[in-house]
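A.B. asks: I would like the atomic coordinates for the input below:
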Amino acid sequence: MARYELLNNITHKDLRVVTRFGREFGDETGMVPAFPTEFAELQREYPIFFRRQTGETGQWQAVALLGFDQKENLFLQDERWNATYLPGAVAKGPFLIGFQEQRIDGELRREPVIHVDMEHPRVRAGEGEPVFLPHGGNSPYLDHIAAVLRGIRDGVDAGQAMFDALDALQLIQPLKLDLQIDDTHRVNLTGLHGIDRERLASLDAQALHRLHQAGYLEGAFLVLASLHNLRRMMAEKQRRLRQAENA
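C.D. replies: Numbers count the residues shown, from 1 in each chain. Just a heads-up that it's a prediction; the model follows:
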């Protein structure tokens with residue numbers, strides 16, 4: 001069970017975080033949340049889709065596909081992540097953004113602060129990257145984490161409005177992904193949605209201008225462009241199947 005604490009350089013002066021990858025850290029997963037602030041980086045290596053979140057709201061969520069099964073990560077090799085860009089949902093490790101009321105210029109505001117899950121498997125005594133420097137300053141690793149968390153926070157804030165705008169134009173449509181990996185292996189991915197290319201192309205100038213002005217049009221094209229990464233994932237899946245057969 002998670003145990004979150006407000007991060008500070010006194011209580012957590014000796015805190016270290018393991019940055020290698022593996023099953024023990026929960027890295028064997030078929031997809032992770034994706035945020036519009038990282039679409040440009042993600043689309044170079046990962047297919048991006050949409051799916052409905054479970055619960056009463058049923059809001060749209062963007063996801064980056066990592067594998068063809070629930071616990072398959074085709075980017076995970078030994079203790080390495082075989083990609084140039086690490087999705088923010090993975091890179092953040094045991095940290096998350098919380099909020100704390102602070103009085104600034106006489107006004108009470110809810111300010112973002114970093115929390116750490118002390119029960120996270122990456123938090124280990126004496127192993128991994130230091131979070132703070134010996135004299136209490138932020139380590140380069142913590143500065144990187146802060147930047148990742150800002151990107152996630154901004155992505156969450158902007159994402160729902162973007163997804164609602166795309167949905168209102170009926171651009172988010174279900175996809176039928178029936179992939180023939182090789183002669184004997186076939187995968188069928190269900191519950192995933194993508195951008196309807198034909199409907200996007202048929203939008204009138206006014207609708208396109210509204211999407212462009214809001215900054216959503218680029219995101220739609222990035223999602224479409226990301227689908228070419230399915231071929232790379234299929235090639236990696238084929239390689240692993242051959243490797244398993246030879247073993």
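A.B. asks: what's the average pLDDT for the lengthiest helix in the chain?
C.D. replies: Looking across the chain with DSSP state H, the single longest helix is helix 140-168. When pLDDT is averaged along helix 140-168, the result is 94.
A.B. asks: repeat for stretch 218-233
C.D. replies: 97.
A.B. asks: tell me which residues in the longest helix of the chain are buried?
C.D. replies: 141-142, 145-146, 148-149, 151-152, 155, 158-159, 162-163, 165-166 (16 or more other CB atoms under 10 Å). Quick note: C-beta positions are derived from backbone N, CA and C, even for glycine.
A.B. asks: so is the closest residue to E79 other than its chain neighbours in a helix, a strand, or just coil?
C.D. replies: Excluding the flanking residues, the one nearest E79 by CB to CB, 6 or more residues apart in numbering is R20, at 4.3 Å. Here R20 takes the coil state, with states given by DSSP: H, G, I helix; E, B strand; the rest coil.
A.B. asks: Over to R199?
C.D. replies: R199 is classified as helix under three-state DSSP.
A.B. asks: okay but it is in contact with Q170, surely?
C.D. replies: Yes. Counting by CB atoms under 8 Å, Q170 is a contact partner of R199 at 6.2 Å.
A.B. asks: Which one's more surrounded, these two?
C.D. replies: When R199 and Q170 are compared for neighbours, R199 comes out ahead with 13 against 10, by other CB atoms under 10 Å.
A.B. asks: If we ignore the residues flanking it in sequence, what's nearest the more buried one?
C.D. replies: For R199, the closest residue by CB to CB, 6+ apart turns out to be L171, at 5.8 Å.
A.B. asks: what's the answer for R52, then?
C.D. replies: G58 (5.1 Å).
A.B. asks: number of nearby residues for that neighbour?
C.D. replies: Residues within reach of G58, counting by other CB under 10 Å, total 8.
A.B. asks: Look up how far D164 lies from it.
C.D. replies: Distance of G58 to D164, given as CB to CB, to the nearest Å: 12 Å.
A.B. asks: likewise G126?
C.D. replies: Where D164 is concerned, G126 sits at a distance of 47 Å (CB to CB).
A.B. asks: Tell me which residues touch L203, please.
C.D. replies: The neighbours of L203, taking CB atoms under 8 Å, 6 or more residues apart in numbering as the test, are 169, 211.
A.B. asks: What does the pLDDT read for it?
C.D. replies: What the model reports for L203 is a pLDDT of 96.
A.B. asks: what's near enough to touch G136?
C.D. replies: 9-10, 13.
A.B. asks: For the residues you listed, which entry has the maximal number of neighbours?
C.D. replies: Busiest of the contacts of G136 [other CB under 10 Å] is N9, holding 16 neighbours.
A.B. asks: hang on, isn't the residue nearest to E79 packed against D78?
C.D. replies: No. Using CB under 8 Å, R20 is not in contact with D78, being 9.1 Å away.
A.B. asks: Looking at the two, which one has more neighbours?
C.D. replies: Remark: of R20 and D78, R20 carries more neighbours, 14 against 8, as counted by other CB under 10 Å.
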